[in-house]
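Enquirer: Quick one: sequence plus predicted model below, questions after.
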Amino acid sequence: MVHRTIVTASSALFLAGPAFAAPLCGELGFAGLLAKCNRGEPIEITLASGKPLGKGPVTLQSGAYYEMRITADGSAELAITGAPFFRAIWMNEIVINGIEVRPMGIDSLEFDEAGTATLSFIAIKPGSYEVKIPDTTSDSQKVEISIQ
């Protein structure tokens, strides 16, 4: 009797199919997850001495494509770190001054002068994360990001 119950329960799970977050659009087409309809709003991060990094918490949807634009104003040599967040996404590319880099993963980015880096990625692993200026404790020096 117990064996039959286990078989019935496991069959129901198998027939139900995999659980996954729905993309932002119904038909992804040939581009798949990189399709234009599967793109969320850009995330703007500003690296400036004494100024907040962003405008509050950011919520992303697992399976959706995003761009994070990190702009440094050159007022100080600043970095942004967030290894747990960077491990929870699939990085498509980082574009710096027109140079496209396709990394396996990153830990941080440091800006010695003014400039912009654009990270394009797909949010993967649900959870709560943060990107921040290293060795800071102020809430304005970090951006909380949740992937649902």
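Expert: All right, it came through fine. Note that the structure is a prediction, hence the values are computed from the model and not measured.
Enquirer: all contacts plus neighbour counts: C-alpha atoms, from now on.
Expert: Will do.
Enquirer: Verify the contact between Gly74 and Glu110 for me.
Expert: No. Using CA atoms under 8 Å, Gly74 makes no contact with Glu110, being 11.3 Å away.
Enquirer: what about Thr137, how many neighbours?
Expert: Here the number of neighbours of Thr137 (other CA atoms under 10 Å) works out to 10.
Enquirer: One more: the one 10 residues further on?
Expert: Using other CA under 10 Å, Ile147 is surrounded by 20 other residues.
Enquirer: With Ala123 instead?
Expert: Neighbours around Ala123, by other CA under 10 Å: 23.
Enquirer: Likewise for the one 5 residues further on?
Expert: By other CA under 10 Å, 15 other residues sit near Ser128.
Enquirer: Could you do the one 10 residues further on as well?
Expert: The burial metric for Ser138, expressed as a neighbour count using other CA under 10 Å, is 10.
Enquirer: State the distance from it to Ser108.
Expert: Using CA to CA, to the nearest Å, Ser138 is found at 18 Å from Ser108.
Enquirer: just Gly63 next, same as before
Expert: For Gly63 relative to Ser108 (CA to CA), the value is 23 Å.
Enquirer: which residues of this protein fall in helices?
Expert: 2-16, 83-87 (DSSP state H).
Enquirer: tell me the pLDDT at Trp30?
Expert: No, residue 30 isn't Trp; it's Phe. For Phe30, the model assigns a pLDDT of 64.
Enquirer: Tell me where the model's unsure across the protein.
Expert: Within the chain, the segments meeting pLDDT under 70 span 1-31.
Enquirer: how about a cut-off of 80?
Expert: Within the chain, the stretches with pLDDT under 80 are 1-37.
Enquirer: which residues of it fall in strands?
Expert: Taking DSSP state E to define them, one finds strands in the chain at 43-47, 58-60, 65-72, 78-81, 89-96, 99-101, 108-111, 115-123, 127-132, 142-147.
Enquirer: what about those, which gets the closest to Leu34?
Expert: Checking the strands of the chain against Leu34 by CA to CA gives strand 65-72 as the closest, at 6.2 Å.
Enquirer: list the helices and strands that closest one packs on?
Expert: strand 43-47, strand 115-123 (3 or more CA pairs under 8 Å, 6 or more residues apart in numbering; DSSP states H and E).
Enquirer: ok, back up a step: which among the strands of the chain is found nearest to Leu33?
Expert: strand 65-72 (6.8 Å).
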